[in-house]
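Trainee: turn this into a structure:
(2 chains)
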Number of protein chains: 2
Amino acid sequence: MAERLVVIGGDAAGMTAASQARKRRGPEDLSIVAFEKGNYTSYSACGIPYFVGDVVEFDRLIVRRPEEFRAKQDIDARIRHEVVGIDLDKRTVTVVHEGAESDEPFDHLMVATGGKPLRPQLDGVDSTGIFGVQTLDDGVTIERFIEEEKPEKAVVVGGGYIGLEMAEAFQLRGLKVALVERGPQPMATMDPDMGALVADAMRGLGVELLLEESVTGFETKDGKVSAVVTDARTLPADIVVLGLGTRPNVELAERSGIPIGESGGIVVDQRMKTPVDGVWSAGDCAEKKHLVSDRPIAIALGTHANKEGRVAGINIGGGNATFPGVLGTATSKVCGYEVARTGLRESDAEQVGFEVIGVRTDSTTRAGYYPGAAPITTKLVVERGSGRLLGAQIFGKEGAAKRIDVLAMALWNGMTVDTILNVDLSYAPPFAPVWDPVLIAARRAWDQVQAEAAELR
Amino acid sequence: MAERLVVIGGDAAGMTAASQARKRRGPEDLSIVAFEKGNYTSYSACGIPYFVGDVVEFDRLIVRRPEEFRAKQDIDARIRHEVVGIDLDKRTVTVVHEGAESDEPFDHLMVATGGKPLRPQLDGVDSTGIFGVQTLDDGVTIERFIEEEKPEKAVVVGGGYIGLEMAEAFQLRGLKVALVERGPQPMATMDPDMGALVADAMRGLGVELLLEESVTGFETKDGKVSAVVTDARTLPADIVVLGLGTRPNVELAERSGIPIGESGGIVVDQRMKTPVDGVWSAGDCAEKKHLVSDRPIAIALGTHANKEGRVAGINIGGGNATFPGVLGTATSKVCGYEVARTGLRESDAEQVGFEVIGVRTDSTTRAGYYPGAAPITTKLVVERGSGRLLGAQIFGKEGAAKRIDVLAMALWNGMTVDTILNVDLSYAPPFAPVWDPVLIAARRAWDQVQAEAAELR
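Mentor: A predicted model of the protein is given here:
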């Protein structure tokens, strides 16, 4: 008799796992059912700001619909099915669909419940016009609200990637935008000096940037948001987006007794198996290992969800694959500015016990004389003494951000900057100066490591 | 008394070495003189096609002029000074300037004589209107010829980087362009399947591409070239560019007894010292080690010249630096198409004794739904069985080429494709699909390595 794989969550991690398992085991050997509480499967949540900003069409964000999963892969993908309980002893999940509850048995369980947006418990936070940006359903709701209510003033709460991207989307739609951030800089995942560059860029684009202000509540009128109240002012608002980040959505797993790690994510090994036999997890809800700090971490990113889902699916399918961990690489484009980061910030590195040097270098994306050469600022966080690269951040214009990948590769391999500066990276005037910005940054950092060592002698 | 460093060759390798040596040793300790036989120091030869194509201004190609070297760094840079002899016993070089010969003593000698363009010994090859593209003086001569003679038909001999870039430059200037290449594809540094993509692109742009044709001579009229004769036809030509590649320019070194390696370049160790005490070399004339094949190789590239010059200069200056070798990374832009390569081609790898699999993957530079998503074809050359990456090639549009750097990093670190596919590269819809093209390529290659292994069982 066929075994049964139950997948909770129909987006990247869950459906990739389902697809990989199906590749290795036919329907006669493994039946697969996926429960998704929302209206869509396999979509690009990262594309929501571009959909709201009218940059991309809605349909393009959906990679694969339930009927395709059924027809092409014999995967029984069911939307508007919410899993409300897991019984690890009976090996069943409890599913609610259109008010009716049923128990569904599993042999393998894939927990891909994703992330849960942080939502401050403040007066009025549940009013109409206040949105999170998490699922494609959120995107649809925001888009409909803009079309129907024609808001003029937008307030974005939180200056992370999603916050900045939504600020741009609103600007593209012609709204007046203010962004409230509790910290001293937007993009808290960058060092303060790099965050300051982002702040200048945002202001230059006409976004009202309110730093070191905390939201204390919301004013409403007829149940609709009318203003965001901070500890410094009251900001009129017709639409509000909460971009305060997410945490792993693990309530269901936790209640059932699946172990949760110190990061708040579900504990998994390198094969994406939880400590419970036959139970797997991947994506935003699963704990990851940070390969530079060697510590558990929770990060919500589609690219991890895909990689981890692949690994889980291969293993469920009887193969063998592992996911070693993450570097914390991330990138974002905001109105022509490009921001990217990987590894540890200065403060992270110090917290883990490294002594660090931070070195910032300005260069250009192409040969200085070649048309389109754009500024790029590269910051390297380097271990004092050894010159080991611990982290990197990039801010610049077209062509800047993707260079972070070279530094991610360097981190992955534990390279020191004196080695990095010699690596045979590509050079041609349309693509780089004769010393690529990455190499210049490594060279400068190494010079500084040596200068400090000389001073100590 | 101060020691004296004599530099032969005033471009990237030589002047970088001079600058680095100066940084570490003041003029009271080390006097530095550089002899350049041409009219310019420290220029971007790679920029010549863009200058000829009217894409960049001439002045921008010059990084630093002799008077700046003198004023800012106390480096006595002398143009139109040709070194015609080296006496290793007497520790002198013989220099010719305006017809007068003199002997100049040295304690340290930096041989940075660059590359020598290959020039076929054919009838008429020295006629007016036939040019090499090697030095900035060549660029100036070509530009002047175009301005004065207003040629209409250009023939480029040789389908390497320089040949393709010059073909584009001539097209941009409104000339009708034919390109003659002896091999079955342009871009012989790529595998044939990837070269075929380049051929299609060139033809699509209106370049008459004549493959598997050899030039047998040139017809002339009043001492000026009028046609290029191949083994298949006679091609009318008002201007001809020879882009047949270069070899290390080592005659001077060889005559003086400095050892030449099997690649044809000057033998150097990792500190860029030749086997002769006090004699250093760097740049196109110096032999390099290929880090994948572990064999000596001659490659002419400004980026190596800069890195090697830096290392030589640090060591001459009393410091300690090493240059481990090269990967054969190179890139080029031809009319909006981007081409890049690193490591070994399939044929190279087989010659060195590897059993290989070549895997080609099509993807997009951005998320498929994001505006500006462009095609990218990534080819990986992978060792059968182990999955070790041995080489990579990329062909695509805007945003494609620079991804080769990630694969260069992988080669540098001896990574296998099953590891590469898990690396935490950056993702956001404006910059990449959720699986970066590099990761997709690695995943496909790994799938194929495994499929072959399964077949063998």
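Trainee: from now on I want contacts and neighbour counts done on CA atoms only, so please keep to that.
Mentor: OK.
Trainee: what mean pLDDT does the one helix or strand A:Thr342 maps to have?
Mentor: Counting by DSSP states H and E, the element that carries A:Thr342 is strand A:337-343. The average pLDDT for strand A:337-343 rounds to 97.
Trainee: give me the helices and strands touching it, please.
Mentor: strand A:330-334, strand A:389-396, helix A:404-412 (3 or more CA pairs under 8 Å, 6 or more residues apart in numbering or on different chains; DSSP states H and E).
Trainee: ok and it relative to strand A:330-334, angle-wise?
Mentor: Angle of strand A:337-343 versus strand A:330-334, following axes from the mean of the first three to the mean of the last three CA atoms, to 10 degrees, is 170 degrees.
Trainee: quick one: contacts of the host helix or strand of A:Ala349?
Mentor: Element membership of A:Ala349 [criterion: DSSP H and E] is helix A:346-352. Helix A:346-352 has contacts (CA atoms under 8 Å, 6 or more residues apart in numbering or on different chains) with A:Asp191, A:Ser293, A:Glu355, A:Val356, A:Ile357, A:Gly358, A:Val381, A:Leu390, A:Gly391.
Trainee: are any of these buried, and which?
Mentor: With burial judged by 16 or more other CA atoms under 10 Å in any protein chain shown, the buried subset of those is A:Asp191, A:Ser293, A:Val356, A:Ile357, A:Gly358, A:Val381, A:Leu390, A:Gly391.
Trainee: name the nearest of those residues relative to A:Leu252.
Mentor: A:Leu252 has its nearest neighbour among those in A:Ser293, at 28.8 Å by CA to CA.
Trainee: and the stretch 351-457 of chain A, which of its residues are near chain B?
Mentor: By the rule CA under 8 Å from any CA of the partner chain, the part of the stretch 351-457 of chain A lying against chain B is A:369-371, A:399, A:401-402, A:404-406, A:408-410, A:412-413, A:422-431, A:434-435.
Trainee: which of those residues are buried?
Mentor: Buried among those by 16+ other CA under 10 Å: A:369-370, A:399, A:401-402, A:404-406, A:408-410, A:412-413, A:422-431, A:434-435.
Trainee: which parts of chain A are helices?
Mentor: A:12-24, A:48-52, A:66-73, A:136-149, A:161-172, A:192-204, A:251-256, A:302-316, A:346-352, A:404-412, A:417-420, A:437-456 (DSSP state H).
Trainee: contacting residues around the fifth one?
Mentor: Defining contact as CA under 8 Å, 6+ apart, one finds that helix A:161-172 is touched by A:49-50, A:52-54, A:133, A:154, A:156-157, A:176-179, A:187, A:207, A:241-245, A:332-335.
Trainee: among the residues you listed, which ones are buried?
Mentor: A:49-50, A:52-53, A:133, A:154, A:156-157, A:176-179, A:187, A:207, A:241-245, A:332-335.
Trainee: my read: A:Val96 touches A:His81, true?
Mentor: Yes: using CA atoms under 8 Å, A:Val96 makes contact with A:His81 at a distance of 5.7 Å.
Trainee: enumerate every residue touching the residue nearest to A:Glu3 when sequence neighbours are not counted.
Mentor: Nearest non-adjacent residue to A:Glu3, counting by CA to CA, 6 or more residues apart in numbering or on different chains: A:Leu30, 4.8 Å away. Contact analysis of A:Leu30 by CA under 8 Å, 6+ apart lists A:Ala2, A:Glu3, A:Arg4, A:Leu5, A:Arg22.
Trainee: residues contacting the last one?
Mentor: This means A:Arg22. The contact partners of A:Arg22, by CA under 8 Å, 6+ apart, come to A:Leu30, A:Ile32, A:Gln73, A:Ile75, A:Gly317.
Trainee: how near is the last one to A:Arg22?
Mentor: Read that as A:Gly317. Distance of A:Gly317 to A:Arg22, given as CA to CA, to the nearest Å: 7 Å.
Trainee: give the buried residues for stretch A:90-100.
Mentor: Going by neighbour count (16+ other CA under 10 Å), the buried part of stretch A:90-100 is A:Arg91, A:Thr92, A:Val93, A:Thr94, A:Val95, A:Val96.
Trainee: the fourth one and A:Ala100 touch, don't they?
Mentor: No: in this structure, A:Thr94 is not within contact of A:Ala100 by CA under 8 Å, at 10.2 Å.
Trainee: can you count the residues close to A:Gly204?
Mentor: 10 (other CA atoms under 10 Å in any protein chain shown).
Trainee: mind pulling up the pLDDT for it?
Mentor: For A:Gly204, the pLDDT comes out at 89.
Trainee: residue contacts, the closest residue to chain B within the stretch 1-150 of chain A?
Mentor: With CA to the nearest CA, the shortest gap between the stretch 1-150 of chain A and chain B falls at A:Arg60, namely 5.6 Å. Counting by CA under 8 Å, 6+ apart, A:Arg60 touches B:Tyr369.
Trainee: go on, A:Lys37?
Mentor: Taking CA under 8 Å, 6+ apart as the test, what A:Lys37 contacts is A:Gly9, A:Ile79, A:Arg80, A:His81, A:Glu82, A:Val83.
Trainee: got the contact list for the fourth one?
Mentor: Shown in contact with A:His81 (CA under 8 Å, 6+ apart): A:Phe35, A:Glu36, A:Lys37, A:Gly38, A:Val95, A:Val96, A:His97, A:Glu98.
Trainee: 6 Å instead, please
Mentor: Taking CA atoms under 6 Å, 6 or more residues apart in numbering or on different chains, we find A:His81 in contact with A:Phe35, A:Glu36, A:Lys37, A:Val96, A:His97.
Trainee: so for the residue nearest to A:Ile48 when sequence neighbours are not counted, what's the pLDDT?
Mentor: Distances taken as CA to CA, 6+ apart place A:Gly139 nearest to A:Ile48, at 5.6 Å, with adjacent residues excluded. For A:Gly139, the pLDDT comes out at 94.
Trainee: give me the neighbour count for A:Gly139.
Mentor: A:Gly139: 22 neighbours (other CA under 10 Å).
Trainee: now do A:Gly336
Mentor: Neighbours of A:Gly336 (other CA under 10 Å): 12.
Trainee: which non-adjacent residue is nearest the residue nearest the centre of chain A?
Mentor: Chain A has A:Leu301 as the residue nearest its centroid, 3.1 Å off, counting by CA atoms, centre = their mean. Spatial nearest neighbour of A:Leu301, excluding adjacent residues (CA to CA, 6+ apart): A:Asp284 at 6.7 Å.
Trainee: got it, and A:Asp138?
Mentor: In space, A:Asp138 is closest to A:Gly132, 6.6 Å off (CA to CA, 6+ apart).
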